[in-house]
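[1] what's the 3D shape of this:
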Amino acid sequence: MKTIIKHWLLVAIVITGFAGLLEATVQQVLRQSADDPQIQIAEDTAAALTNGQQAQNVVPAEKVDIAKSLATYIIVFDASGKVIASSAQLNGQTPTLPAGVFDSVKQNGEDRITWQPQTGVRSAVVVTQFQGSNAGFVLAGRSLREVEIREDDILHIILLGWVAILLGSLLATAVIFTLLRNSSRNLA
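    Reported below is the predicted structural model:
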């Protein structure tokens, strides 16, 4: 049995590596695609503000409770990071971003982050700049709840598949090893 496990160990390492790579790839695809609507909303809102629209006219009037809703929300900040208009609420208030996010946007033009303003409240957020007479920042975000449920589901599927493939490869290694051993005995 030790010989079988020794021969199988390399196969198990390769299977584990591929399972880890698969999980990481799928998780990143799911997480990055969670930003897609916000990229468009942030860019369109920033363009409207750059073209002279007022923040109150481009931000939806309906408030989104970001702890409960899956709806997309927008927050417009002035150049110093102070809220001008918002459709987002958390505990009855507009949540604020850490100042470092604005510094990153100033350097890179945009930032895509996972924002957790409160335990259990996680959003996929895109922050971009707008120019014009009243320059500032636009944040577009939405809950990651459904994406994270999908990520967990995929992880469970990959874990079950990983265990099944490991067991199957161990069984196959044992069968092959036994057949080869018996074949070499018959030749001798």
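[2] Now find how far off-centre the lengthiest helix in the chain is within its chain.
    Ranked by residue count under DSSP state H, the longest helix found in the chain is helix 145-187. Mean-position distance between helix 145-187 and its chain equals 28 Å (Cα atoms, centre = their mean, to the nearest Å).
[3] Quick check: the gap between Arg112 and Ala124.
    As judged by Cβ to Cβ, to the nearest Å, Arg112 and Ala124 stand 8 Å apart. Quick note: C-beta positions are derived from backbone N, CA and C, even for glycine.
[4] for the longest helix of the chain, packing partners?
    helix 2-33, strand 121-130 (3 or more Cβ pairs under 8 Å, 6 or more residues apart in numbering; DSSP states H and E).
[5] which of these has the lowest average pLDDT?
    Among those, helix 2-33 carries the lowest mean pLDDT, at a mean of 93.
[6] Can you name the residues that contact the closest residue to Gln116 other than its chain neighbours?
    Sequence neighbours aside, Arg122 is the residue nearest to Gln116 in space, at 5.0 Å (criterion: Cβ to Cβ, 6 or more residues apart in numbering). By Cβ atoms under 8 Å, 6 or more residues apart in numbering, the contact list for Arg122 reads Thr114, Trp115, Gln116, Ser143, Leu144, Arg145, Glu148.
[7] pretty sure the fourth one contacts Val64?
    No. Taking Cβ atoms under 8 Å as the contact criterion, Ser143 and Val64 are not neighbours in contact, 9.2 Å apart.
[8] follow-up on the earlier one: show me which of the contacts of Arg122 is closest to Phe18.
    Proximity to Phe18 was ranked across the contacts of Arg122 by Cβ to Cβ; first place goes to Glu148, at 23.6 Å.
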